[in-house]
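**Q** predicted model, plus sequence, below.
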Amino acid sequence: QVQLVESGGGLVQPGGSLTLSCAASGSIFRIYTMGWYRQAPGKQRELVANLTNIGSTNYAESVKGRFTISRDNAKNTVYLQMNSLKPEDTAVYYCNAKRVVQVSWATGDYWGQGTQVTVSS
């Protein structure tokens, strides 16, 4: 079974920075895409950023130039460096892993449990 465990959320003032981490565990052979989504109260879950195993990135327009996604393939871990945070970045942030191939060749998509990010003075 594959599990995603997030860390790094919290309360930060506008203009501040936070780094989120998400580590995937289990009998993993390869993860094709890892990324972050967020969901604010009363809104739909939206993509923040994702990164393929060969380095292709995709960012939401609202975070371009402020957030940076990176990953350590050897550790099956993805990071989200968030700078110049705004109150509208407040949301629960979810880690996502797409096309996770296990050593048994079972393949699936997985979600983390979510971590709260609150941007407020």
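**A** Received the coordinates, thanks.
**Q** show me where this structure has its strands.
**A** Under the criterion DSSP state E, strands of the chain are mapped to 3-7, 10-12, 18-25, 28-39, 46-52, 57-59, 67-72, 77-82, 91-102, 107-111, 115-119.
**Q** just name the most buried of those.
**A** Counting by mean count of other C-beta atoms under 10 Å, strand 77-82 has the highest mean neighbour count of those, with a mean of 22. Quick note: C-beta positions are derived from backbone N, CA and C, even for glycine.
**Q** follow-up on the earlier one: the strands of the chain into TSV, with extra columns for mean pLDDT?
**A** TSV is the format used below for those (pLDDT from 0 to 100):
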stretch	mean pLDDT
strand 3-7	96
strand 10-12	98
strand 18-25	97
strand 28-39	96
strand 46-52	97
strand 57-59	97
strand 67-72	97
strand 77-82	98
strand 91-102	96
strand 107-111	96
strand 115-119	98
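**Q** kindly state the beta-bridge partners for the most centrally placed residue in the chain.
**A** Nearest residue to the geometric centre of the chain (C-alpha atoms, centre = their mean): Trp36, 2.7 Å. Beta-bridge partners of Trp36, counted by DSSP bridges, are Ala49, Cys95.
**Q** can you pull the contacts of it?
**A** 20, 22, 47-50, 69, 78, 80, 93-96 (C-beta atoms under 8 Å, 6 or more residues apart in numbering).
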